[in-house]
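>>> Attaching a predicted model along with its sequence, questions to come.
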Amino acid sequence: MSTSTYSGSTTLPCLICETQNQTDAVVCGNCGAPMALIQEALAQDRDPCIITVIGDSNVGKTVYLGMLLDMLSKRAEDFEAVPKGAYSVNLQHNVISYLSARQFPPKTAMEVDEWHWTYYQASRRKRGARIYDLVMPDMAGEAIAAEVASPQTFTVIRSLLEKSAGAMLLVDAGLAGAGSPQPDFFALKLMSYLDGVLVTKREQRMSTPVAVILSKADYSPECFDDPHGFAKTNLNRLCNMCEARFESYEFFATSVVGALGYGTDESENVIPYPLHVAPRGILEPFEWVLSKLGR
Ligand SMILES: Nc1nc2c(ncn2[C@@H]2O[C@H](COP(=O)(O)OP(=O)(O)OP(=O)(O)O)[C@@H](O)[C@H]2O)c(=O)[nH]1
Ligand SMILES: [Mg+2]
Ligand SMILES: [Zn+2]
């Protein structure tokens, strides 16, 4: 990397954590967010909306977000989204390449500079529709878990959530439907972390919209008929937390694959392969979050 010195030595505040960085920095020296985001935001002259996708490791964040962005850029329904900067395309490119080779993408690395960050301009395809500048990073679940367990381990996660206009919380419906308490507890921890980050006054309920996305709903198809009912039964602690502390939340069921095959990897672990990609319920939570963002 070149280390050219800037005449006039201007600095720019990071969009996520507000640390001042040299204009020629590639990533923020404090939180690791790409500085291209800031350059893009400056060029657009509009404040970007950050929508954060959170959830445990292996819940399906990367697959969901990659599929969502791909559907948007292929003009699914009446949406349209234009990626800003080639780096924004990497996530959808990566996910779709793996899925079309009938594999799932690898897990996201813990290191912030390995995460895919995306900047998209999304709008409905009708005249005069509002344009949303969306920043959506794909974070590693392990990093989220580390931050929730001991805050300040990953300051970028806290800064991101503080700045978020909306959040999407992914919860593994396959695991929850099979009776595991893990998804409920992890989601409960995340929501209470979020509550702590976003709340202004104790007695006030949080107004930031949170879409609770029941991922891998293909494992528990009943989820599609009644996501809220499924959550009440299988994610009761999370449901109660939402009711008590959040003003604006909604449950959605999604799945990306239609059929799975099973095989083994080099170390003889059984792993699923996506034989058939059949996205269901991908756009609905996104649409809902957009509808809740203030003008
Ligand atoms: N059945 C089914 N399995 C899925 C679906 N989406 C993801 N998976 C499975 O979940 C695994 C994890 O998906 P990822 O998107 O990588 O999960 P992640 O939340 O990004 O995980 P981290 O990167 O570790 O935080 C995949 O390897 C698949 O085995 C889905 O729609 N249906
Ligand atoms: Mg991931
Ligand atoms: Zn930063």
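Yep, it's here. Ligands and ions are numbered 1, 2, ... in the order given.
>>> How about stretch 71-83, which residues are buried there?
Judged by neighbour count using 16 or more other Cβ atoms under 10 Å, the buried positions of stretch 71-83 are 71-73, 79-81, 83. Placement of C-beta: from N, CA and C, glycine included.
>>> which residues does the closest residue to residue 116 other than its chain neighbours contact?
Distance criterion Cβ to Cβ, 6 or more residues apart in numbering; nearest residue to residue 116, sequence neighbours excluded, is residue 91 at 3.8 Å. By Cβ atoms under 8 Å, 6 or more residues apart in numbering, the contact list for residue 91 reads 62, 65-66, 69, 116, 118, 138.
>>> got it, and residue 37?
Residue 37 makes contacts with 15-16, 48, 117, 119, 135, as judged by Cβ under 8 Å, 6+ apart.
>>> again, only using 10 Å
14-16, 27-28, 48, 50, 84-85, 87-88, 117-119, 135, 137 (Cβ atoms under 10 Å, 6 or more residues apart in numbering).
>>> if I pick the closest residue to ligand 1 within the stretch 51-200 of the chain, what's in contact with it?
Using Cβ to the nearest ligand atom, the single residue of the stretch 51-200 of the chain nearest to ligand 1 is residue 141, 2.8 Å away. Applying Cβ under 10 Å, 6+ apart to residue 141 gives the contacts 54-62, 107-108, 110, 170, 186.
>>> These also near ligand 1: which ones?
Checking the contacts of residue 141 against ligand 1 by Cβ under 6 Å from any ligand atom, the ones in range are 55, 57-62, 107-108.
>>> List buried residues within these.
Buried among these (16+ other Cβ under 10 Å): 55, 59-62, 108.
>>> I'd like to know how many residues surround residue 212.
Taking other Cβ atoms under 10 Å as the criterion, the count of residues near residue 212 is 25.
>>> Helix or strand: which one has it?
Assigned by DSSP states H and E, residue 212 belongs to strand 210-215.
>>> what's the following helix or strand after that strand?
For strand 210-215, the following helix or strand on the C-terminal side (DSSP H and E) is helix 222-225.
>>> buried ones in that following helix?
Judged by neighbour count (16+ other Cβ under 10 Å), helix 222-225 contains these buried residues: 223-224.
>>> Please name every helix or strand in contact with it.
On a contact count with 3 or more Cβ pairs under 10 Å, 6 or more residues apart in numbering; DSSP states H and E, helix 222-225 meets helix 173-177, strand 210-215, helix 227-234, strand 249-253.
>>> Check what contacts that helix and list those residues.
For helix 222-225, the surrounding residues in contact (Cβ under 10 Å, 6+ apart) are 173-174, 176-177, 214-218, 229-231, 233-234, 251-255, 280-281.
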